[in-house]
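K.L.:
Show me how the following folds:
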Amino acid sequence: MRNIKLTISYDGAGFHGWQYQPGVATIQGALNDAAHKITQEKVVVHGASRTDAGVHALGQVAHFKTQSALSPLEFQRALNALLPPAIRIVAAEELGHDFHARWAAQGKTYRYRIYRGRVLPPFEHGRALHYPWPLDEDRMAEAARLFEGEHDFSSFAASSGSEDDDRDREMMRMIHSSEIVRDASGEEIAYVVRGRSFLRYMVRKIVGTLIEIGKGRLTPQDIPKLFELRDRSRSGPTVPPEGLYLVSLEYPDPTDSLAAFSSRRHAAHTKG
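P.N.:
Numbers count the residues shown, from 1 in each chain. As a prediction, this is how the structure comes out:
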């Protein structure tokens with residue numbers, strides 16, 4: 001069996017998220033169907049990040065196993081010919097059997113776009129959060145830096161729906177960088193965050209909290225308190241998905257040993 005790695009860009013507006021769900025349009029479902037038509041095999045395309053409904057990707061990474069003799073470039077062309085225009089394969093390559101898009105990932109970068117202009121351009125509808133009202137962007141930028149480092153993000157994550165599961169979840173996460181970036185035009189700001197892994201809705205909850213700080217309802221000094229409280233009801237709201245983009249994934253050097261990879265995968269499984 002061969003192992004094909006895909007780098008994928010998609011507009012998530014018309015999909016019910018990444019993960020396959022019977023009877024509804026999903027990114028994984030579309031990829032599985034297209035790969036099956038090409039290979040005549042039962043193919044499961046495994047993604048690095050299970051993006052939610054309405055979330056976009058610039059550099060999602062996935063892989064699938066196949067016995068097909070097609071080259072990676074032929075797979076890229078064939079998949080793009082069959083997939084809806086909202087999903088594009090931007091790169092394809094063959095890697096070793098041990099590569100797994102999710103378990104081998106060492107880092108992710110997300111970007112959340114906030115359009116600040118008075119009128120949202122029609123081409124940005126469904127692709128950015130429109131917020132034209134006053135915000136103290138300097139305070140938001142100050143607060144964004146306080147998310148860097150290792151913290152318990154219980155106050156910034158959605159419930160799993162089960163009290164038992166919530167109690168057993170590992171809520172500690174390491175954030176390498178967290179910042180507000182201003183567009184040169186002055187019409188847009190973005191929250192850009194890079195970390196090892198993220199809890200569900202974590203980025204969107206952080207953005208909602210930063211907006212509350214921009215409004216003056218919270219202060220940067222409240223962030224350490226929210227970490228300590230571990231109470232999601234005390235942080236800001238979860239902002240809509242349309243402004244969120246999975247920008248890129250980070251992977252170890254291909255020369256890393258299989259033993260090192262296996263160790264990382266075991267640690268990922270242990271953390272849940």
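K.L.:
so where's this protein uncertain?
P.N.:
160-168, 254-272 (pLDDT under 70).
K.L.:
One more pass at 50, please.
P.N.:
Scanning the chain for pLDDT under 50 picks out 162, 257-259, 261, 271-272.
K.L.:
Domain ranges for it, per the record?
P.N.:
The chain resolves into domains spanning 2-104, 108-247 when parsed by automatic domain parsing.
K.L.:
which one of these lies closest to residue 253?
P.N.:
Nearest to residue 253 among the domains of the chain is domain 2-104; the distance by CB to CB comes to 11.2 Å. Placement of C-beta: from N, CA and C, glycine included.
K.L.:
Now tabulate the domains of the chain in CSV and tack on mean neighbour count.
P.N.:
Formatted as CSV, these follow (neighbours: other CB atoms under 10 Å):
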stretch, mean neighbour count
domain 2-104, 18
domain 108-247, 17
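K.L.:
which residue sits closest to residue 176, ignoring its sequence neighbours?
P.N.:
What sits nearest to residue 176 in space, not counting adjacent residues and going by CB to CB, 6 or more residues apart in numbering, is residue 194, at 4.8 Å.
K.L.:
mind listing the helices for the chain?
P.N.:
27-39, 72-82, 137-144, 163-168, 202-215, 222-229, 258-271 (DSSP state H).
K.L.:
and the angle for the third one with helix 222-229?
P.N.:
Orientation of helix 137-144 against helix 222-229 (axes from the mean of the first three to the mean of the last three CA atoms, to 10 degrees) gives an angle of 30 degrees.
K.L.:
repeat for the second one
P.N.:
With the same axes, to 10 degrees as the basis, helix 72-82 and helix 222-229 are set at 90 degrees to each other.
K.L.:
and the residue nearest to residue 176, what are its bridge partners?
P.N.:
residue 109, residue 177 (DSSP bridges).
K.L.:
got the contact list for it?
P.N.:
Residues near residue 194 by CB atoms under 8 Å, 6 or more residues apart in numbering: 107, 108, 109, 110, 175, 176, 177, 178.
K.L.:
you'd agree the fourth one is up against residue 248?
P.N.:
No. Taking contact to mean CB atoms under 8 Å, the distance of 9.3 Å between residue 110 and residue 248 leaves them out of contact.
K.L.:
What values do phi and psi take at the residue of the chain most remote from its centre?
P.N.:
Farthest-out residue of the chain from its mean C-alpha position, per CA atoms, centre = their mean: residue 69, at 31.6 Å. The phi/psi pair for residue 69 (degrees, to the nearest 10) reads phi -90, psi 0.
K.L.:
Identify the residues contacting it.
P.N.:
Applying CB under 8 Å, 6+ apart to residue 69 gives no contacts.
K.L.:
circling back to that earlier point, figure out which of the helices of the chain is closest to residue 114.
P.N.:
For residue 114, the closest of these is helix 202-215, at 7.6 Å, according to CB to CB.
K.L.:
So for residue 107, what's the nearest residue that isn't a sequence neighbour?
P.N.:
Nearest to residue 107 is residue 250, by CB to CB, 6+ apart, at 3.6 Å.
K.L.:
so what's that neighbour up against?
P.N.:
Each residue near residue 250 by CB under 8 Å, 6+ apart is listed here: 105, 106, 107, 108, 109.
K.L.:
try it again with 7 Å
P.N.:
For residue 250, the contacting residues are 105, 106, 107, by CB atoms under 7 Å, 6 or more residues apart in numbering.
K.L.:
Next: residue 114.
P.N.:
By CB under 7 Å, 6+ apart, the neighbours of residue 114 are 128, 129, 131, 188, 189, 190, 243.
K.L.:
Assess the claim that the second one and residue 239 are in contact.
P.N.:
Yes. Applying CB atoms under 7 Å, one finds residue 129 in contact with residue 239, separated by 5.8 Å.
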